[in-house]
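Give the three-dimensional model of this entry:
(2 chains)
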Amino acid sequence: MTDREGIVTLVNGPVVRAKNMSFFKVREMVTIGEKRLIGEVISLEKDEATIQVYEETEGLKAGEKVISTGMPLSVKLGPGLIGNMFDGIQRPLKTIENIYPNFIPEGIGLLSIDEEKKWEVKMLVKEGDYLTQGQVFAEVPETLSVIHKIMVPPNISGKVIFAKESSTYSIRECLIILEDGDGKKHELTMVQEWPVRMPRPSARRIPIKQLLRTGQRVLDIFFPIAKGGTAAVPGGFGTGKTVTQHQLAKWSDADIIVYIGCGERGNEMTAVLEEFPELKDPRTGRPIMERTILIANTSNMPVAAREASIYTGITMAEYYRDMGYDVAIMADSTSRWAEALREIAGRLEEMPAEEGYPAYLPSRLAEFYERAGMVETFNGEEASVTIIGAVSPPGGDFSEPVTENTKRFVNAFLALDKKLAYARHYPAINYLTSYSGYIKILEDWYRENVGEDIIELRAKMLKILQEENKLLEIVQLVGEDVLPNDQRLILEIAKVIKKGFLQQNALHPEDTYVELPKQYKMIKAMNHLYERAFKCVKLGIPISQIKEERIFDEIIKMKYNIPNDQIDLIDGIIEKVDAYYEQLEAKYKE
Amino acid sequence: MRKEFLSLNKIEGPLIILSKVEDVAYGEIIDITIDGKTHRKGKVVKIDNDKIVAQVFEGTSGLSTHNASIRFTGTPLEIPLSKDILGRTFNGVGNPIDSDFPIYSNKRYNINGRPINPVSRQYPRDYINTGISAIDSLMTLIRGQKLPIFSGNGLPHNELAVQIVKQAKIRGAEDDNFAIVFGAMGVRHDDADYFIRSFKESGVLERVVMFLNLADDPIIERISTPRCALTAAEYLAFECGMHILVILTDMTSYCEALRELSAAREEVPSRKGYPGYMYSDLATIYERAGMLKGTEGSITLLPILTMPNDDITHPIPDLTGFITEGQIVLSRELYQSNIYPPISVLPSLSRLMKDGIGENYTREDHGDLANQIFSSYSRVQDIRALAQIIGEDDLSEIDRKYLEFGQRFENEFLSQGIDENRPIEDTLNLGWKLISILPKEELDRINPKFIEKFYMN
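This is a model prediction of the structure:
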């Protein structure tokens, strides 16, 4: 196979060029040099190829060999993904640690999910059955929360001519053999390989129709994310992107979470590793780690693997989607991924477009976000992939290329605001500039599942906040005292909405996750307070009387004081509101 | 002995280009002899067939295409390390400059290090008591954290760093397992002297390892200075089990050097001419802080950078803030009002604080109190803006209370002596005293049971 060996001619950071490469394909995975570094062919010209290398290239020499692996950059999909943490090219970090303690060296080769581990396999088919692509032929309890469904890989179908009994097997063992129409035999194991840059197929796309419940009030009520939808969370540093992403990973009602730490801090991934096994999924009562896959390519790990990590993550997500699960993927942060593209483009001396980013940035972003969606699987089930991408705009300036282009491809935009973060208003989601297209799409769902009047209530509360914003500009100039009473009431109610509803304490046990019924009752109570108080304003009662500290305080604090499972207590608060304003009205009517 | 090369193709800024060389490794160190006398070091930064590009650490002045002979060492830049480095001073490539006495060690360490496996990291939790109220209470420094000081030219960041060094008490660190690694990049001689003098005065000099690249030293060495410093820190922390405080100053000079080099290599520039890989490059420095499971030691990193034109959105502070775990921001306005340390509280942040304070660490009310101070002080800013327009007299009573709180917070809480070491207990009590200027109802960030316990009438 000497003709399948290239020779390194140029080394420039993570970019390597090699000659004698005419037998290689674009996007093929290769190993380079004595250390067998892993790389990917990204372009070919005559017999010269440009390769991006996923490991540190220090020590590489011109003249070293490039060896083909014969396949594109792929991930192994099978049991053992959940609960694991991988680097950008699906190498399990715990396994790496066992071989090389503490620091990650280069040249560790290709590792993936554990091939030795025995899984309890329940076979669902027998000899003589006819199977088509995507059909489930066995089940493996991967964790106590997730049943891993073993499927026929895409583009394969045929008659089962051999099937093993239910028992324990490792992922390497052949479970069934299919014979297709041409008489070709396919031996199927628990694992399938899939090239990361290619979306996995499904039967068809179907319209979005369900909310991704997050337990975060500002999202669920004001700027919802839908199952199968896309959302971007942009924010400068210190505005709480990562906390927001962590909250979503913890509390979203998806079946599977894929969390990609793309070019971010090492300690953040460590925190996830420590925290997630301790936290309980509110739906199953099991640790949320049992439904989570982590991908960590931290900022100091090789930049080319950072570029790949996004694709590795989305491919895993699609795989679980094909089993019929709702999967949510958090990419923190897509800006680092875009910067990795820029860095590699720079090394390739490509013509830069805006701010040095390559001209193909928008199309890459679109390709990524378009892999989200609600689909019908080959099994006829409904399943979804939801993408929530953090964006880290330099200087918190949203007019930069990554934020601008991301905005074009996502339907929910959750803008994190520095000013709110400085005032420790968390989550610092700006309620004036954020938007979500899903409120319209999910309108019927909301009316049916949350409350008949929820859409109107939401609009009304947003209007109060808009109004407040305008009034505050006046207050800045002339002070609050000169405003008429109805406007001062707007300011007070806006304060209640902000403190009591929008602000949510991720560290408070009762407040970190809130069920929709409580959210709805809370907003109802706030509206009720506004209505009663407004009536008093109309009667000419002074604002100092209307703004009864005790009542307002109780409304604000109900997020802490009313447990998720005792929301009827809110009715008690509403009664107090009524009682107070009734006696106030009575007093003034006399 | 490997071949020597006697001619250079091209000399351009800090770069030299050689051709017809073989068997050269990317990142390899070259030894350059000029006129058969002086030696310089360089590093291979690009290989293109039989042509290589190398950067010369000490700069290329005095070099001609014919007076130099180049020898390839076959190894990347490595420095020998042993515990003897304590108390010594080195240049930016790790050669001792305080005496001719070299460091003897069998082991040599690649200054580029390798990324810490996130799985091997120990999440930092123990707080470091710095005795500085603003830091301890509002942006608590945690052992193993990377917390930069964002400063401006002429602001007292050096004083603050020295005060932290003098007063810092790390849990588990005694005299014999605590050390400071000091890396200076492009720093003025008098600034470096100030640090050395202060280390001497506080009696820690024999526990300091210094890597100095002063303002008039070659810029290429500036690139390797922080890497040498952190390699030494990793050795002391993870092999000798010591607690290391690393101070890197000034990261702005470092980034400037990076830009200069990038321009010399004719790379495609990104924002403000800085190279597109600056984020990744800074990450390979900052991310070397931390703790490892199963080892005793820790690396706490305090980089100092001067924000060009005091602009926090400039690429250097911006990219730094995206990598580090918070930031301490200094304010010119406070400094001009004669407040030391002039820490601008609102944009400052410690990301690791939430896990290292509260019961068992500092005091149970710490988190709530800090939140309340941030929130109330942010309100103070709005009211000040209002007072500018309508005058203080027309403010409502509650707004005037806020103004009083803001004023006293700056003068009594933020402000403290350069040698004043305030225990955390005093700091928190002082915080309560000041926040109690505001009526109880305004304290919406504090658990009522703490208000009960600590509010002062």
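
in its sheet, what does the helix or strand containing A:K122 sit against?
Assigned by DSSP states H and E, A:K122 belongs to strand A:118-123. Here strand A:118-123 is paired, per DSSP bridges, with strand A:136-141 (antiparallel), strand A:167-170 (antiparallel).

For the ones you listed, give me CSV that also has mean pLDDT.
What follows is the strands paired with strand A:118-123, written out as CSV (pLDDT from 0 to 100):
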stretch, mean pLDDT
strand A:136-141, 96
strand A:167-170, 95
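
Just name the most buried of these.
Scoring those by mean neighbour count under mean count of other CB atoms under 10 Å in any protein chain shown gives strand A:136-141 as the most buried, with a mean of 19. C-betas here are computed from N, CA, C, even on glycine.

right, and the helix or strand after that one?
strand A:147-151.

Can you list the helices and strands that that following strand packs against?
strand A:136-141 (3 or more CB pairs under 8 Å, 6 or more residues apart in numbering or on different chains; DSSP states H and E).

what is the orientation angle of the strand it packs on with strand A:147-151?
For strand A:136-141 against strand A:147-151, the angle between stretch directions is 150 degrees (axes from the mean of the first three to the mean of the last three CA atoms, to 10 degrees).

Need the contact partners of strand A:136-141.
For strand A:136-141, the surrounding residues in contact (CB atoms under 8 Å, 6 or more residues apart in numbering or on different chains) are A:79, A:119-125, A:131, A:147-152, A:160, A:163, A:175-176, A:188, A:190, A:323, A:379.

Which of the residues you listed are buried, as a ChimeraX select command?
The buried residues among those can be selected in ChimeraX (16 or more other CB atoms under 10 Å in any protein chain shown) with this line:
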select /A:79,119,121,123,124,125,131,147,148,149,150,151,152,160,163,175,176,188,190,323,379
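
For A:I439, which non-adjacent residue is closest in space?
Distances taken as CB to CB, 6 or more residues apart in numbering or on different chains put A:P224 closest to A:I439, at 6.0 Å, once the chain neighbours are dropped.

what residues are up against residue 79?
Going with chain A. Here A:P79 is in contact with A:I113, A:W119, A:V140, A:E142, A:H148, A:I171, A:M190 (CB under 8 Å, 6+ apart).

try chain B instead
B:I79 neighbours (CB under 8 Å, 6+ apart): B:F90, B:V93, B:G94, B:I103, B:R108, B:Y109, B:I111, B:C228, B:T231, B:A232.

Inside strands: which ones of the residues you listed?
Judged by DSSP state E, the subset of the contacts of B:I79 located in strands is B:F90, B:R108, B:Y109.

Now, of the contacts of B:I79, which are buried?
By neighbour count, with 16+ other CB under 10 Å, these hold B:F90, B:V93, B:G94, B:I103, B:Y109, B:I111, B:C228, B:T231, B:A232 as buried.

So which of these belong to helices?
B:C228, B:T231, B:A232 (DSSP state H).

Turn the residues you listed into a markdown table, columns for pLDDT and distance to A:I464.
Shown next, in a markdown table, are these (pLDDT from 0 to 100; distance: CB to CB, whole Å):
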| residue | pLDDT | distance to A:I464 |
| --- | --- | --- |
| B:C228 | 96 | 58 |
| B:T231 | 97 | 57 |
| B:A232 | 97 | 58 |
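
between the residues you listed, which is closest to B:R207?
B:A232 (12.6 Å; CB to CB).

so what's that closest one up against?
B:I79, B:L81, B:I85, B:V181, B:V209, B:F211.

Mind pulling the model confidence for B:V268?
The score at B:V268 is 83. That number is its pLDDT.

correct me, but it touches A:E349?
Yes: counting by CB atoms under 8 Å, B:V268 does reach A:E349; the two are 6.9 Å apart.

Have a look at those two and say which one is more surrounded.
Between B:V268 and A:E349, counting by other CB atoms under 10 Å in any protein chain shown, B:V268 is the more crowded of the two (19 against 12).

Give me the spatial nearest neighbour of that one, chain neighbours excluded.
Using CB to CB, 6+ apart, the closest residue to B:V268 is A:G346 (4.3 Å).

helix or strand right after the host helix or strand of the one you found?
Element membership of A:G346, judged by DSSP H and E, is helix A:334-347. Using DSSP H and E, the next helix or strand after helix A:334-347 towards the C-terminus is helix A:361-369.

Just list what that next one packs against, helices and strands only.
Judged by 3+ CB pairs under 8 Å, 6+ apart, the packing partners of helix A:361-369 are helix A:303-322, helix A:334-347, strand A:382-391, helix A:401-409.

Remind me what the second one packs against, helices and strands.
Other helices and strands packing on helix A:334-347, by 3+ CB pairs under 8 Å, 6+ apart, are strand A:256-262, helix A:303-322, helix A:361-369, strand A:382-391, helix A:401-409, helix B:278-286.

List the backbone torsions phi and psi for A:L462.
phi -60, psi -40 (degrees, to the nearest 10).

meant to ask about B:H39, not that
Main-chain torsions, B:H39, degrees, to the nearest 10: phi -110, psi 140.

Tell me which residue in the stretch 301-450 of chain B sits closest to chain A.
Among the residues of the stretch 301-450 of chain B, B:T313 lies closest to chain A, at 3.0 Å counting by CB to the nearest CB.

Listing partners with orientation, what would you give for the helix or strand bottoming out on mean pLDDT in chain B?
The weakest-scoring helix or strand in chain B, judged by mean pLDDT, DSSP states H and E, is strand B:169-170 (a mean of 80). As defined by DSSP bridges, the strand partners of strand B:169-170 come to strand B:128-129 (antiparallel).

Just the mean pLDDT for the partner strand, thanks.
Per-residue scores along strand B:128-129 average to 91.

Run the chain-centre distance for it.
17 Å (CA atoms, centre = their mean, to the nearest Å).

okay, the helices and strands packed on helix A:361-369 in a markdown table with mean neighbour count and mean pLDDT next?
Output for the helices and strands packed on helix A:361-369, formatted as a markdown table (neighbours: other CB atoms under 10 Å in any protein chain shown; pLDDT from 0 to 100):
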| stretch | mean neighbour count | mean pLDDT |
| --- | --- | --- |
| helix A:303-322 | 26 | 94 |
| helix A:334-347 | 26 | 89 |
| strand A:382-391 | 26 | 96 |
| helix A:401-409 | 20 | 95 |
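
Thought A:P394 was touching the residue of the stretch 301-450 of chain B closest to chain A, still the case?
Yes: B:T313 is in contact with A:P394 according to CB under 8 Å; the separation is 7.1 Å.

Just list the residues touching B:M353, thanks.
B:M353 is in contact with B:Y127, B:M139, B:T140, B:I142, B:G326, B:A370, counting by CB under 8 Å, 6+ apart.

repeat that with 7 Å
For B:M353, the contact set (CB atoms under 7 Å, 6 or more residues apart in numbering or on different chains) comprises B:M139, B:T140, B:I142.

Now flag whichever of these is closest to A:K589.
Closest to A:K589, out of all of the contacts of B:M353 and judged by CB to CB, is B:M139, at 53.9 Å.

so the spatially closest residue to that closest one that is not a sequence neighbour bridges to which residues?
By the measure of CB to CB, 6+ apart, the closest residue to B:M139 outside its immediate chain neighbours is B:S350, 4.0 Å from it. B:S350 forms beta bridges with B:G326, as assigned by DSSP bridges.

Right, I'll leave it there.
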